[in-house]
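Please find the sequence and the predicted model below.
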Amino acid sequence: MTAGYETESDIQGAFRDAGVSISPDQLRRWRDQGLMPRVKQVGMGRAAGSVIHYPLGTAQLALEIGRLLAIKKKARFVGWQLWLHGHEVSEEHWKPDISSALAELKRIPAFLRLMEIRNANKNETIFDQIEPVQFRKTPFAKGLAKPSANMTALAFALLADVAKGNYAPHQIADLSEQIQNVRAISKLIGQPTKTKGAKESSKSDFEIDLETQLEAISLAMEKIQKQPDFVLAQLTPEVRIELATVFQIARQLNLAVPAFEKSPIGRFAKAIADDGIGQAHSVIIWSLFRKMGTILDPDQIAAMAQNLALKSEN
């Protein structure tokens, strides 16, 4: 291999080592489909013809394309997976899904408002549409059983504030309203709330974590609503590779911990990991969380993936 590029001989040698046959014409077709980077044709002098310089990594990329095509023979699927794993591909393979996901995320506040209007004069709420059996053994069970009218109203108000990008503890001037919001969501997910004698100024670790995460989600939704170009700029190869690792962790958890696979959260994690639409939503939110630093750092994620891989092998 020559420094800075790969030659035809390098690439074909890698294919032979892998036991596959991929012709130069096939490589050209994949380039034409926007799945591979362009090559550089270099002249060898008068009457000596020319040679092609392939970007470094071309052989491994071609092998990965072949692997993905064996799963699904769709260029759009292959392009999306390559993009998600940090490769640069034509926009046609990723931008439509990201644009659609952005539009759907923008509609969340309107959806919450619609659900509130629809259920305003009924005895049922959005929570009644969730099957309690799915959450019987989770912290959500108690809160989703029979939410009171007041708690439901508070939960809707809190969710709407978060979805519209208006939630942050420092933005809420009325302390009693802030406490009500935290108590409402605490009840919803079955977490204990303070007793009457507790000092309101001292917060539990749960409340601090809850406020931090709700604020992070709210800030992310604000960026999605008001600065879509900023959001797109955060979808760097590093962030995409990191999220692909997280998806792999979700799959490995199902292999390493059989009980996890059968749980509601396990099924949800696997569905997101293997669903293109879910992946599009996830990469947008993940990129904004990474920008704000409210998730595990990359080294922690890599270590978790390595540990789970070793556990899966055993």
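That came in fine, so what should we check first? Keep in mind the model is a prediction, meaning the values are calculated, not measured.

And Q248, how far from Q306?
Here Q248 is placed at a distance of 11 Å from Q306 (CB to CB, to the nearest Å). C-beta here means a position set from N, CA and C on the backbone, and glycine is covered the same way.

where does the chain have low pLDDT?
For the chain, the stretches flagged by pLDDT under 70 are 1-3, 43-49, 115-116, 118-156, 169-207, 253-274, 312-314.

Look through it and tell me its longest helix.
Counting by DSSP state H, the longest helix found in the chain is helix 205-226.

Settle it for me: which of Q248 and Q306 has more neighbours?
Each of Q248 and Q306 has its neighbours counted (other CB atoms under 10 Å); Q248 has more, 14 against 11.

does that one really touch M304, like I thought?
No - applying CB atoms under 8 Å as the test, Q248 and M304 come out as separate, 10.1 Å apart.

To what extent is the spatially closest residue to S90 that is not a sequence neighbour buried, counted in neighbours?
Distances taken as CB to CB, 6 or more residues apart in numbering place G34 nearest to S90, at 2.5 Å, with adjacent residues excluded. Residues lying near G34 (other CB under 10 Å) number 16.

Please apply the same query to I117.
As a burial measure, I117 scores 9 neighbours (other CB under 10 Å).

Equivalent analysis for F289, please.
Residues near F289, counting by other CB under 10 Å: 19.

Name the helix or strand for it, please.
Using DSSP states H and E, F289 sits in helix 276-292.

Just list what that helix packs against, helices and strands only.
Contacts defined by 3 or more CB pairs under 8 Å, 6 or more residues apart in numbering; DSSP states H and E place helix 276-292 against helix 75-84, helix 95-106, helix 205-226, helix 228-233, helix 237-256, helix 264-274.

Compute the inter-axis angle for the first one and helix 276-292.
When you say that, I think you mean helix 75-84. Following axes from the mean of the first three to the mean of the last three CA atoms, to 10 degrees, one obtains 20 degrees for the angle between helix 75-84 and helix 276-292.

Just the CA atoms of helix 75-84, as CSV, please.
Extracted in CSV, the C-alpha atoms of helix 75-84 (Å, rounded to 0.1, in the frame of the first residue of the first chain):
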residue,chain,number,x,y,z
ALA,A,75,-28.8,1.2,-1.8
ARG,A,76,-30.8,3.5,0.5
PHE,A,77,-30.4,1.0,3.4
VAL,A,78,-26.7,0.5,2.7
GLY,A,79,-26.1,4.3,2.4
TRP,A,80,-27.9,5.0,5.7
GLN,A,81,-25.9,2.4,7.6
LEU,A,82,-22.6,3.6,6.1
TRP,A,83,-23.5,7.2,7.1
LEU,A,84,-24.6,6.2,10.6
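
tell me which residues in it are buried?
Neighbour-count burial for helix 75-84 flags 75, 78-84 (criterion: 16 or more other CB atoms under 10 Å).

Could you do stretch 244-252 as well?
Of the residues in stretch 244-252, those buried by neighbour count under the rule 16+ other CB under 10 Å are 244-247, 249-252.

and which of those is nearest to A216?
A216 lies nearest to V246 out of the buried residues of stretch 244-252, by CB to CB, at 16.2 Å.

Burial check on I301, number of neighbours?
By other CB under 10 Å, neighbour count at I301 equals 16.

and if you look at the one 4 residues further on?
A count of neighbours around A305, defined by other CB under 10 Å, yields 15.

Now for it: which residues touch it?
245, 248-249, 252 (CB atoms under 8 Å, 6 or more residues apart in numbering).

for L35, same thing?
Residues near L35 by CB under 8 Å, 6+ apart: 65, 75, 78-79, 82, 89-90, 93.

again, only using 6 Å
Going by CB atoms under 6 Å, 6 or more residues apart in numbering, L35 touches 65, 79, 89.

Since that was my last question, I'll sign off now.
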